[in-house]
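Asker: How does the following fold in three dimensions:
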Amino acid sequence: MLINLSDVLSDQHKTVEETVPFTMDTIRLKSGNYPVVSSEPVHVRAEHVKGKELLITAETSLAVMIPCDRCLEDVRYDFVLNCTRHVDIGLSDAELTEELDESNFIDGYHLDVDKMLFHEILGDWPEKVLCREDCKGLCGVCGRNLNTGSCDCEDPGLDPRMSVVRDLFKNFKEV
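Answerer: Below you'll find the predicted structure:
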């Protein structure tokens, strides 16, 4: 969704305040595509600070389905986004100072709301998602979800790659 910023950047410096729909239906990352299952409209406010500096705020909430890191069952993950960006569209990224944010979501006189929110979602993306704290994951032999029941596979025991760690702890206890 694009918002025209020409009123803010004109000599009148009018504040632009709009509520627009959240239009992304999927979050696409290198790790996969994650469907957006619900979203609230985005409230955006852009105001003139000085020169070509703008203060842009955006607020919304959305829910995305992300697979559990252990059992791969879909988990609903809620994002509450309240972002504020202080940008100067007269400067290149190389000229930015510490108090200014990148403005790669502004093209000419248009604010790309989806692009700005995508960067916010990416920054808030969870490192690990579990369907529940005690998720048992998948059987390493047959792939069955162990949360729904056990399987008849033989327990392979400790991963052979972990024997070095086991021996290290064994020696540590003897000392």
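
Asker: For this protein, which segments are assigned as helices?
Answerer: Ranges of helices in the chain, per DSSP state H, are 6-9, 113-124, 163-174.

Asker: remind me which residues of the protein are low pLDDT?
Answerer: For the chain, applying pLDDT under 70 flags the ranges 90-103, 155-175.

Asker: change it to 50
Answerer: 175 (pLDDT under 50).

Asker: now the strands for it?
Answerer: Using DSSP state E, the strands found in the chain span residues 2-4, 16-20, 26-29, 32-39, 42-50, 53-67, 74-88, 106-107, 110-112.

Asker: Which neighbouring elements make contact with the fourth one?
Answerer: Contacting strand 32-39 under the criterion 3 or more Cβ pairs under 8 Å, 6 or more residues apart in numbering; DSSP states H and E are the following elements: strand 26-29, strand 53-67. C-beta: built from backbone N, CA, C; applies to glycine.

Asker: Of all the strands of the chain, which one is nearest residue 154?
Answerer: Nearest to residue 154 among the strands of the chain is strand 53-67 (27.1 Å), distances taken as Cβ to Cβ.

Asker: The closest one pairs with which strands, parallel or anti?
Answerer: With DSSP bridges as the test, strand 53-67 is paired with strand 32-39 (antiparallel), strand 42-50 (antiparallel), strand 74-88 (antiparallel).
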